[in-house]
Each structure stands twice: as C-alpha cells, then as structure tokens.
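Participant: Here's my sequence, what's the structure:
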Amino acid sequence: MTVVKHPHFRELQHSPRASAMVFEDPQSQQLLDYLQAIAPSQASVLITGETGTGKELIARQIHQLSERRDQPFIALNCGAFSETLVESELFGHEKGAFTGAHEARAGWFEAAHGGTIFLDEIGDLSLAIQVKLLRVLQENQVIRLGSRQTRRVNLRVIAATNVDLQQAVATGKFREDLYYRLNVAHVQLKPLRQRQGDILPLAQHFIQEYRQQLNAASIRLSQSAQNAMLTYPWPGNIRELENAIHRAVLLCQHGVIQPQDLQLHECGQSVAGLLQIMPNTSTLQQVLLHWFEQGLEHLDEQLEAEITQAAYAYCHQNQMHTAQLLGVSRNIIRARLLKHGLLKPSLRRAQAQPQSSSASAYLYS
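Facilitator: I've put the predicted structure just below:
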C-alpha cells in the first residue's frame, strides 16, 4: 500500500490501533460480513458513528478487501484544513493561483488516483467545497485552483462523520445531492458499550502491543479489572480504551492490571454520571411543554445555548470532552461556544485566527 506523507495524512501503520480490527462480538461479526460484501464494489461509502469507534480503521479494511488494495489509501481530516487552503489541498492548484503558489501542485484527489481517499469529518466542509466534491463524484474529474483544464481521476471515496448528516441536510448545512452520492453504502458503527464482546479482546490486543513497545514482561488483567471494563460505558470508545490500557501497562504492579490502574473514574465518569442524573422522558417533555406554552422566541437557539453551556461546564471547559459528550465534532463545539459567548475573550481571539494547514489530525474519528 502506497504511503503518502502530509500534515493531514494520518499514518497508522505503526500505531497499536492500526491493527485493532477485533470482530469478536456478534454485531461486529455481522459488520465484517457486510464489509466483505461491499468492499469489492466501486460504490462510495458513508461511515457514521461516535467519536473513537474506529471509522478510519473500517475505511482501511474496506480498502484492503477491495481490488484497489495495492494502490494509495489517503486519509484526510476535513476539519483540519483552513477554509482558505481546503480547495487547494483537495483539488490542487496551478502556479500563481494565489499568493505563495510558486509552483503547480496536484491535490489529494489526484494523489489518490487508482486507490481510495478517506474523508473524515465530511460534515465540516463548506457548501462551496461540497459542490466541487459532488463534481468529482459525478464526473470523475477535478479542476485545479487557477486552471480551466479538467483532470480525470479514478478513485473510491469513503467519507465519515460523527454528526447527523440528515439533520445537516434539513438545516441547509449539507447538500442533499452530495449526501445521496456518498451514502451509496452505509456503515453504522456501534459504540463500544453496545458491543461488549469486543472490549476484552481489544484490551488484550493493546496490552500485547504496549507490552512489546515497553519491553515489559507478561501482563494480564485481573478479574476485577475485567469486570470494571465490562461495566464501564466507554464514552470515548476504542480510543479511550487504548489510552486506559496504555496507562495501566505503565502503572500496574507485578504484571497484573488492577481496576485502579485503569483510572476509569478519571476518563469519563462525568459522562456516566450525567447519564444517571438525566431526567426521564416524561420530565423532559414537561419542561419543553412549559417552554412551548410560554411562546419563547428562538427556542431552538436557546436550547442549543443551554445544552452547550451545561455540557461545557460538566466537562470542566474541555472542548474535546464536550464534543464527545454531545456526539459532534470539536469544530462544531468551538463554533457554538463562540456563538453563545461561552469562550473567554482571549480564547475567542485565538480561535478567530485561521487554522494552519499543518493542523494536527486525530487518529481516530
């Protein structure tokens, strides 16, 4: 598989999670059967699921099961590109197309010719870029920035998101025609808490990987640690599980991981606690009916502000944890915090600066 180096290209080959393809749970085994059925086709694929469920790993699995397996696989985080550079990065540019364009350069769609391109956080693309992406899917052509010449590309597009694209379509934030073009084959990833049969096999995988990295002796999970892992909700999914195991391998004594080594109470107890204290459906409906009767203007905006503020406070002003709690991207949370005045002025000024083209991308989507 061709490896392409780029600030937004995510290198997984040497990461423990790169090989964390565990299908022990019956639901996961059904998913594997489904992947084997859709992989040989040329159909576009839309992968949805919570943050940390392994959407990129699934995309790589589809690529490896396809006839394109010996061609490039390029993974890009759409949310990591600045608005001013995203078109150039994706579709390329000609010399002189903009200030600093000292030479012509192919974009990532051209680089993926013959292979697969994985677009993570697809919902973060602007409507203008969505139009250009739709053209690629319809015509198999790209036009570099500053050029009038079309260039044919032969590639498969796999997109992923942890937000509700149907809702985004309904609110006009995502093009309906692009949604249907991407959603030819749909892969819905279950959160880790709903496929418990994968938890302990994944834990064993990460234990072996980190034990080898650290040249440690044999390490095992105590029964109490196993019980703790099976009863924990894992709001951060596979990414959180890997981090917990990595920490436990470092902290455990005598080669046995105990519950305290996992420190699960520090890595998501707030989410579990929030689930326990949430009002039941009837109580929530009563509150909403009361607000409806008051005839409040812009109720949807008020609800968004209240939910964002409560979640942000509950997560101790941590944007990433807030995004995981609400099931949206960090970019969306940042935009909501700015919109509702929940960021301090100093942070607001910092967030107003355009993102660098070398912004780091998350390994797990």
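
Participant: Could you count how many residues lie near the residue nearest to Glu89 when sequence neighbours are not counted?
Facilitator: Nearest residue to Glu89, sequence neighbours excluded (Cβ to Cβ, 6 or more residues apart in numbering): Phe81, at 5.5 Å. (Glycine included, C-beta is placed from N, CA and C.) Neighbour count for Phe81, taken as other Cβ atoms under 10 Å: 25.

Participant: Poorly predicted segments of the stretch 251-365 of the chain, please.
Facilitator: Low-confidence segments of the stretch 251-365 of the chain, defined by pLDDT under 70: 265-298, 344-365.

Participant: do that again at 90, thanks
Facilitator: Along the stretch 251-365 of the chain, the model assigns pLDDT under 90 to residues 263-331, 334-365.

Participant: How about the stretch 1-150 of the chain?
Facilitator: The stretch 1-150 of the chain contains residues with pLDDT under 90 at 1-23, 50-52, 79-89, 92-107, 145-149.

Participant: try 80
Facilitator: Applying pLDDT under 80 to the stretch 1-150 of the chain flags residues 1-21, 83-84, 97, 99, 101.

Participant: could you pull out the helices for it?
Facilitator: 26-38, 55-64, 86-91, 108-111, 127-139 (DSSP state H, counting those that start in this stretch).

Participant: could the ones you listed be laid out in a markdown table, adding distance to Asp70 and mean neighbour count?
Facilitator: Shown next, in a markdown table, are these (distance: least, Cβ to Cβ, whole Å; neighbours: other Cβ atoms under 10 Å):
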| stretch | distance to Asp70 | mean neighbour count |
| --- | --- | --- |
| helix 26-38 | 18 | 14 |
| helix 55-64 | 10 | 23 |
| helix 86-91 | 24 | 23 |
| helix 108-111 | 16 | 21 |
| helix 127-139 | 22 | 15 |
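
Participant: okay if I get the ones you listed as JSON lines plus distance to Gln319?
Facilitator: Listed next are the helices of the stretch 1-150 of the chain as JSON lines, based on distance: least, Cβ to Cβ, whole Å:
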{"stretch": "helix 26-38", "distance to Gln319": "30"}
{"stretch": "helix 55-64", "distance to Gln319": "20"}
{"stretch": "helix 86-91", "distance to Gln319": "21"}
{"stretch": "helix 108-111", "distance to Gln319": "27"}
{"stretch": "helix 127-139", "distance to Gln319": "24"}
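
Participant: Can you check which of those helices gets nearest to Gly197?
Facilitator: With distances scored as Cβ to Cβ, the stretch of the helices of the stretch 1-150 of the chain nearest to Gly197 is helix 26-38 (6.6 Å).

Participant: Using CSV, list the CA coordinates for the closest one.
Facilitator: Presented in CSV, the C-alpha positions along helix 26-38 are these (Å, rounded to 0.1, in the frame of the first residue of the first chain):
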residue,chain,number,x,y,z
PRO,A,26,-21.8,-11.0,17.2
GLN,A,27,-22.6,-7.5,16.0
SER,A,28,-19.1,-6.9,14.9
GLN,A,29,-19.0,-10.3,13.1
GLN,A,30,-22.1,-9.2,11.1
LEU,A,31,-20.3,-5.9,10.3
LEU,A,32,-17.4,-7.9,8.9
ASP,A,33,-19.7,-9.9,6.7
TYR,A,34,-21.2,-6.6,5.4
LEU,A,35,-17.8,-5.1,4.8
GLN,A,36,-16.7,-8.1,2.8
ALA,A,37,-19.9,-7.8,0.7
ILE,A,38,-19.5,-4.1,-0.2
